[in-house]
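Engineer: Let me see the structure of the following:
(one chain, ligands or ions: 4)
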Amino acid sequence: MKTRIILILLGVIILQLIKPRIAKNTCDRVTEHGYLCENHTVTTKDGYLLTMFRIPHSPLRESQENEILPRPAVLLMHGTECSSDMWVLNGPNDGLPFLLANAGYDVWLANIRGNLYSRQHQTLSPSSREFMNFSWDEIGRYDIPAKIDYILSRTNQKKLHYIGFSMGTRIFMITMSTKPKYAEKIKTAQMLGPGVFLCHIRSRLPTLLAPIFGRPGVLSSIFGAMQGNALSDLMRSVLPGICRHNSNTCANYLQSMVGRDSPYVNQTLLADFFSTYPAGTSPRLTLHFLQLVNSCQFRSFDFGPNENKQKYGQLEPPAYDLKRIKLQMPIEMYFSDNDYLATIEDIRHLYKIMGNQLSLHRLNFEKYNHWDFILAKNVKTSINDCVVDKMQQYEGRSFNGSLCNNFRNKACLLSRLVECLFIDFTATAATTADK
Ligand SMILES: *[C@@H]1O[C@H](CO)[C@@H](O)[C@H](O)[C@H]1NC(C)=O
Ligand SMILES: *[C@@H]1O[C@H](CO)[C@@H](O)[C@H](O)[C@H]1NC(C)=O
Ligand SMILES: *[C@@H]1O[C@H](CO)[C@@H](O)[C@H](O)[C@H]1NC(C)=O
Ligand SMILES: *[C@@H]1O[C@H](CO)[C@@H](O)[C@H](O)[C@H]1NC(C)=O
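Structural biologist: Ligands and ions are numbered 1, 2, ... in the order given. Take a look at the predicted model:
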């Protein structure tokens, strides 16, 4: 008994000693490649202070800087438990922010409330429960609009490009469905690994936890009351060491969560990746995630019937109205078969609701997984070049037009391969039978 208490006390002390230590922030990672970088603080309507990093322009364009071209602004939004670091890990030859700066864009890297760069508030202490009391609802309603407005006012532009990875897609949909006026501020929306509905995710841990914590109850209340960031801070201080010594173990661990057997992952950068991931978030956000997995719906946070009634005026949380989203350009969705978190089934469901508001691009690489959209060795040629080219086209600049060739033909966009052949087969059979 005594030893157990001592062990627990020791654990608590160790957790207290491991303060979130940021060895290198996003700007450090950018400037070490000779690019300019600024950090900006954005205040949300509900008082959160969020950090955005900005790459105002590329050193490669120095000679062209007398061209008085305005640099179009682009906002990059990271995934769950991530930070702006994720975009710049693979350096200036492959990383999307660098390629965008080289192509003449004003690049803004966002951080949502609660992650390691956005733990400040006008009145609340970051370690208080009130501070960590948010889900995707608040991020979609407050964080994204505040960032968009800040960028537009700083750059004197009317619209910007939006690029989202994973959760970056989900919270964009929340913003656009709850504040449809923001559609006017978006030029193009480029979505990588776009999980909106989470019904068919294949990651082991969340599918295991969803039936237990993905509904209001005693267990989820206990979970929601936890100090969320202690564990992620601990993981960030332990995992890099493991990855440096055994990058295979590290790659396997990552792939078990996001898609097994991918040959594309760049193992060299995994140690660095795990020094900044997981970047921390609120337990309530994690519960929101598990709720969407469990309910198969895309809807607001579920507080339980009584509180729902008070908050929403109904017993069940309201679904986000995706039909309200009307952008000028269709939302570009880049997805793959081996993505455990943005599955073909869920994207098909989204397409049934949003139809031509989406433009679908299903990658030809079968083993490409969720994180490959950011960390793959071939991320430049498979995705990033295509994304930049589409934006160039929108801007009326010279563009290549053949950099988006890694995607399936239309007929096979949304079916699994077998079904896909089957559809082709039945279509042929039907036309033959007609004759
Ligand atoms: C932003 O820049 C200031 C001044 O250079 C620095 O003190 C601060 O730590 C930076 N903030 C972040 C989040 O990196
Ligand atoms: C893998 O990542 C490292 C570290 O960023 C980078 O130097 C290297 O070029 C990458 N390898 C490939 C094949 O992209
Ligand atoms: C968290 O927010 C909910 C709803 O916004 C509220 O009912 C609850 O009292 C809050 N909890 C804390 C600890 O701030
Ligand atoms: C388009 O890009 C490809 C691959 O980088 C290149 O080989 C080709 O020359 C480019 N075409 C044009 C018209 O720029």
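Engineer: going forward, measure contacts and count neighbours with C-alpha atoms only.
Structural biologist: OK.
Engineer: For ligand 4, what's the nearest residue on the stretch 251-400 of the chain?
Structural biologist: Of the residues in the stretch 251-400 of the chain, the one nearest ligand 4 is Asn400, at a distance of 4.5 Å by Cα to the nearest ligand atom.
Engineer: now the nearest residue to that residue once chain neighbours are set aside, what's its secondary structure?
Structural biologist: Using Cα to Cα, 6 or more residues apart in numbering and skipping residues adjacent in sequence, the residue nearest Asn400 is Asp389, 6.5 Å away. Secondary structure state of Asp389, per DSSP: H, G, I helix; E, B strand; the rest coil, is helix.
Engineer: Can you get me a residue count around Asp389?
Structural biologist: Number of residues near Asp389 (other Cα atoms under 10 Å) recorded here: 21.
Engineer: cool, and Ser256?
Structural biologist: Counted with other Cα under 10 Å, the neighbours of Ser256 add up to 15.
Engineer: same check, this time on the one 5 residues further on
Structural biologist: Neighbour count for Asp261, taken as other Cα under 10 Å: 14.
Engineer: who touches it in this structure?
Structural biologist: By Cα atoms under 8 Å, 6 or more residues apart in numbering, the residues touching Asp261 are 255, 367.
Engineer: Could you measure from the nearest residue to Arg119 once chain neighbours are set aside over to Gly280?
Structural biologist: In space, and not counting its chain neighbours, Arg119 is closest to Pro126: 5.6 Å by Cα to Cα, 6+ apart. The spacing between Pro126 and Gly280, counted by Cα to Cα, to the nearest Å, is 12 Å.
Engineer: Compare these two and say which is more crowded by neighbours.
Structural biologist: Neighbours were counted for Pro126 and for Gly280 using other Cα under 10 Å; Gly280 has more, 26 against 15.
Engineer: Now for the nearest residue to Asn378 once chain neighbours are set aside, how many residues are close by?
Structural biologist: Nearest non-adjacent residue to Asn378, counting by Cα to Cα, 6+ apart: Tyr264, 6.9 Å away. Neighbourhood size, Tyr264 [other Cα under 10 Å]: 18.
Engineer: How about the contacts made by Tyr264?
Structural biologist: By Cα under 8 Å, 6+ apart, the contact list for Tyr264 reads 368, 372, 376-378.
Engineer: Quick check: phi and psi at it.
Structural biologist: Main-chain torsions, Tyr264, degrees, to the nearest 10: phi -90, psi -20.
Engineer: How much space separates it from ligand 3?
Structural biologist: Using Cα to the nearest ligand atom, to the nearest Å, Tyr264 is found at 41 Å from ligand 3.
Engineer: ok, now how distant is that residue from Lys380?
Structural biologist: For Tyr264, the distance to Lys380 - Cα to Cα - is 12 Å.
Engineer: returning to that earlier point: okay but the residue nearest to Asn400 is in contact with Gly396, surely?
Structural biologist: No: judged on Cα atoms under 8 Å, Asp389 makes no contact with Gly396 at a distance of 10.7 Å.
Engineer: List the contacts of Gln157.
Structural biologist: 72-73.
Engineer: just Val258 next, same as before
Structural biologist: With the criterion set at Cα under 8 Å, 6+ apart, Val258 makes contact with 202-203, 339-341, 369-371.
Engineer: Pull out the buried residues from those residues.
Structural biologist: Neighbour-count burial (16 or more other Cα atoms under 10 Å) applied to those gives 202-203, 339-341, 369-371.
Engineer: could you pull out the helices for the stretch 101-250 of the chain?
Structural biologist: 136-138, 144-155, 167-178, 204-213, 218-224, 229-245, 247-258 (DSSP state H, counting those that start in this stretch).
Engineer: list the buried ones in the second one?
Structural biologist: Buried residues in helix 144-155, counting neighbours by 16+ other Cα under 10 Å, are found at 144-152.
Engineer: repeat for the longest one
Structural biologist: If you call a residue buried by 16+ other Cα under 10 Å, then helix 229-245 has these buried ones: 229-230, 232-237, 239-240, 243-244.
Engineer: same check, this time on the last one
Structural biologist: By neighbour count with 16+ other Cα under 10 Å, helix 247-258 contains the buried residues 247, 250-251, 254-255, 257-258.
Engineer: tell me the SS of the closest residue to Gly241 other than its chain neighbours?
Structural biologist: Nearest non-adjacent residue to Gly241, counting by Cα to Cα, 6+ apart: Ala271, 7.1 Å away. Look at Ala271: counting by three-state DSSP, its state is helix.
Engineer: thinking again about what came up before, output the helices of the stretch 101-250 of the chain as JSON lines; include the columns mean pLDDT.
Structural biologist: What follows is those, written out as JSON lines (pLDDT from 0 to 100):
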{"stretch": "helix 136-138", "mean pLDDT": "97"}
{"stretch": "helix 144-155", "mean pLDDT": "98"}
{"stretch": "helix 167-178", "mean pLDDT": "98"}
{"stretch": "helix 204-213", "mean pLDDT": "94"}
{"stretch": "helix 218-224", "mean pLDDT": "91"}
{"stretch": "helix 229-245", "mean pLDDT": "89"}
{"stretch": "helix 247-258", "mean pLDDT": "91"}
